[in-house]
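**Q** Turn this into a model:
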Amino acid sequence: MRSLVAVWRLARLAPHVLHGLWIVKRRFELMTTCERHGQIQWWSIKFLRILGIELKSQGQALPTGHLLVANHISWLDICGVHAVLPQARFVSKADVKHWPLVGALVEGAGTLFIERTSKRDALRVVHQTAAALQAGDCVAVFPEGTTGAGPEMLPFHANLLQAAVSTGAPVLPLVLRWYEPGERFSSSARFIGDMTLAQSLWSIASAKGLGIDVQILPSVMTEGQDRRALGETLRGVISARL
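**A** From the prediction side, this is the model:
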């Protein structure tokens, strides 16, 4: 029965993804920034709904010019955040840009791509992120650098936090918790180890009662902060709420 549900969900998801690509390629350039954010939020909420994912959220966003910092469990984290904070421009590893369909969608949403193994590229993205923050954008990063199992967070890489420190932009911590019946931290949503995107999508589509809880915590000021100390502070705040 769960396999039939998964097939039905994926069949409904395909045209929604194609519709999103059409919007990105054909209509985004004609839209205002506010209209784009509205489309991103609508598309993300519907994406979650098609997959049978419940969305919970709490907390208050900041208006402009801030860095979002979140824990990382799934490739679908971006969709969960965009359902609540469609203005977020994510920093993502460069290979996501080449994922079928997904790459074009996240690129259209204003994602900044980084070669995580290159220190030179990391510096480029720090400068690019700082410029975006100064322009009033909301930029989102996953300082763990990769996805984890959920309850236990990985160490934070603080390089990208330098963009907020250099510009004095506040940081908004986000707590992402995937859950399902009988599991406070969902195993179906995890995207870890050697799991492929297709395997993860099937696991999510097959799940029953899957949900994501997006909690926006109070902002943290960065003026006079050291990026490594800031990273430890943010990791502690997010971990404590988890």
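**Q** Go through this protein and flag its longest helix.
**A** Longest helix in the chain, counting residues (DSSP state H): helix 2-22.
**Q** wait, is Arg49 part of a helix?
**A** Yes: the assignment for Arg49 (DSSP: H, G, I helix; E, B strand; the rest coil) places it in a helix.
**Q** and it, how far is that from Trp43?
**A** With the distance defined as CB to CB, to the nearest Å, Arg49 ends up 11 Å from Trp43. Glycine gets a C-beta too; all of them are placed from N, C-alpha and C.
**Q** Quick check: bridge partners of Phe113?
**A** Going by DSSP bridges, Phe113 is paired in beta bridges with Ser92.
**Q** rewinding a little: now do the buried residues in the longest helix of the chain.
**A** For helix 2-22, burial by neighbour count (16 or more other CB atoms under 10 Å) applies to Ala6, Arg9, Leu10, Leu13, Val17, Gly20.
**Q** For the third one, give me its contacts.
**A** Yep, that's Leu10 we're talking about. If you count contacts by CB atoms under 8 Å, 6 or more residues apart in numbering, Leu10 has them with Leu201, Trp202, Ala205.
**Q** who wins for most neighbours among those?
**A** Taking other CB atoms under 10 Å as the neighbour criterion, Ala205 ranks highest of the contacts of Leu10 with 24 neighbours.
**Q** so that one touches Arg9, yeah?
**A** Yes: with contact defined as CB atoms under 8 Å, Ala205 counts as touching Arg9 (4.6 Å).
**Q** shared neighbours of those two, which are they?
**A** Common neighbours of Ala205 and Arg9 (criterion: CB under 8 Å, 6+ apart): Leu51, Gly52.
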